[in-house]
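# One predicted model, sequence on top.
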Amino acid sequence: MTDKCAFWNEYDSIAGHVCYCELAAFNRPVNPQFLSSVGCTADKRKECMSKMEYAVGSGVVPEELPAIPAAAPAAVPACDPPQEIARTVVGVAQKKTSIASTALVTLAVLAGAYIALGAVMFTIITNDLSLYIGDGLSRLVGGISFSLGLVLVVLGGAELFTGNNLLVAGYLDKKVTGRQVLKNWFWVYMFNFLGALLVVALFYYSGIWKANDGGIAMRALNIAYAKTTLTWGEALFRGILCNWLVCLAVWLSLAGKDAISKILGIMIPITAFVAAGFEHSIANMYFIPMGILVKGSETVQALAAPAMLQSISWQAFFLNNLIPVTIGNIIGGVVFVAVAYWTCYLRPVAANKLVANGKM
């Protein structure tokens, strides 16, 4: 079998029979993979050595070099860069504006319910928390608990009005029409409201708000009172700041490659907006109606001041809060996120400069 090796030389000379391994004779570097590919096993090398020692009294066979390690796979980025997120947002806009009506309505109801569930968690967890850890930390914990809502929306899959303000990026990129964007906003907003009211009814009739000697009910009432007594300007600007952060939370979730990255990307901005006291229109579709319902309970009427009870009404909800907050949410999400990032990364002039500078 040795004479079939391409590197084995064997012939008769004047001095007698000669045989040798060309690889070893010329000191050619070899590695285990190469030797294996030519059939040069350890047993085969032992056979070759025996033949050389028999013929000329000595010999050498190839020595294995350390195996060459396989190239490490290219590192996968932990998240997409901003320009890639911008392109993703445009693609998402195309998908969202083409969702069938039945699915859109159902997903909008779910989103409203999910945000309301986050609001339920916020109300329960913070109802007496500030007594133990102070106002600042109570706001922080409350923000973390409220972020449940957007985590459910993004990872569970639902249609939220405030997040859908990012559809404007698709309009600016001429991938969707203004009519498509406005149609999506209208139906999603309406059915977000229905989803939030559904949770209001379920939570109210569950009776859980009566716990802690009415502490949860009073917390719900105080939240509603604080929101309905804002000035129009305060509600508007708090709405702007809120949806700037909410749309950034959605933006960051699109950057993440796995569930943990997406959740962290959502939680940090949402915790910030809740802790700061900004105003979210869809969350307020739960907070204020819940306050309106619990204010009629005997427990709340015995604890709350009459002026507080009178300040919380459906009229105050719509005129003092929902209208200005909704306008503010649109400004915050559209101007400070959708338009800003489209201008920086997708507007033809800006995109061409990025390409020229090797950043895309």
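Everything's here; your move.

# what stretches of this structure score poorly on pLDDT?
Per-residue confidence for the chain (pLDDT under 70) gives these ranges: 1-4, 13-16, 56, 64-75, 349-360.

# Name the residue closest to the centre of it, please.
Ser253 (2.0 Å; Cα atoms, centre = their mean).

# Tell me who's in contact with that residue.
Going by Cβ atoms under 8 Å, 6 or more residues apart in numbering, Ser253 touches 154, 262, 265-266. (C-beta placed from N, C-alpha, C; glycine too.)

# tell me which of these is nearest to Arg219?
Ile266 (24.1 Å; Cβ to Cβ).

# burial measure for the closest one, as a count.
By other Cβ atoms under 10 Å, the residues close to Ile266 number 26.

# Spatially, what comes nearest to Gly195 if we skip its sequence neighbours?
Excluding its sequence neighbours, the residue lying closest to Gly195 (Cβ to Cβ, 6 or more residues apart in numbering) is Gly112, at 2.6 Å.

# buried ones in the host helix or strand of that neighbour?
Following DSSP states H and E, the helix or strand that holds Gly112 is helix 101-125. Using 16 or more other Cβ atoms under 10 Å as the test for burial, helix 101-125 gives 104-125.

# quick one: Glu279 and Trp244 touch, right?
No - assessed by Cβ atoms under 8 Å, Glu279 is found out of contact with Trp244, at 11.8 Å.

# From the neighbour counts alone, determine which of the two ranks first.
Counted by other Cβ under 10 Å, Glu279 and Trp244 do not tie: Glu279 has more neighbours, with 27 against 22.

# Is it correct that Gly118 is in contact with Gly143?
No - the pair Gly118 / Gly143 is not scored as a contact, 10.1 Å apart, by Cβ under 8 Å.

# so what's Val89 closest to, chain neighbours aside?
Excluding the flanking residues, the one nearest Val89 by Cβ to Cβ, 6+ apart is Ala169, at 4.7 Å.

# Surely that neighbour and Val90 touch.
Yes - if you go by Cβ under 8 Å, Ala169 and Val90 touch, sitting 5.5 Å apart.
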